[in-house]
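Asks: using only what follows, build the 3D model:
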Amino acid sequence: MRYLERKLRMEYLLDLIEKGRCHSLKQIASKFECSESTVKRMINELRFEGHNIQYSKSQKCFIKKFS
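Replies: The predicted structure follows:
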């Protein structure tokens, strides 16, 4: 995957998380046509960049907490 394509996917993933549309690793992996491990790495990269991303068991989706 090229840098630009990966960067666009990361931005799209962050947008989905901010809107509360990421319900499971499997769903995200299916949407991006990649493995669940790749999605985990992408989420960890977003966390490393400073985004406070967590999985909410009550809402059953990934969320971004704003501080």
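Asks: pull out the buried residues from the top helix by length along the chain.
Replies: For the chain, the helix with the greatest residue count under DSSP state H is helix 3-18. Neighbour counts over helix 3-18 (16 or more other CB atoms under 10 Å) mark 9, 13-14, 16-17 as buried. All C-beta spots, glycine's among them, are computed from the backbone N, C-alpha and C.
Asks: check which helices and strands the following helix or strand past it sits against.
Replies: Sequence order places helix 25-32 as the next helix or strand after helix 3-18, per DSSP states H and E. Where contact means 3 or more CB pairs under 8 Å, 6 or more residues apart in numbering; DSSP states H and E, helix 25-32 is packed against helix 3-18, helix 36-48.
Asks: show me which residues of helix 25-32 are buried.
Replies: Quick answer for helix 25-32 (16+ other CB under 10 Å): 25, 28-29.
Asks: tell me the angle it makes with helix 3-18.
Replies: 140 degrees (axes from the mean of the first three to the mean of the last three CA atoms, to 10 degrees).
Asks: contacts for helix 25-32, please.
Replies: 9, 13, 16, 22, 35-36, 38-40 (CB atoms under 8 Å, 6 or more residues apart in numbering).
Asks: how about the nearest residue to Ser56, chain neighbours excluded?
Replies: Ile63 (4.9 Å; CB to CB, 6 or more residues apart in numbering).
Asks: return the distance of the helix or strand hosting that neighbour from the chain's centre.
Replies: In the assignment (DSSP H and E), Ile63 maps to strand 61-64. Centroid separation for strand 61-64 versus its chain: 8 Å, with CA atoms, centre = their mean, to the nearest Å.
Asks: partner strands of it, with direction?
Replies: If you go by DSSP bridges, strand 61-64 pairs up with strand 53-56 (antiparallel).
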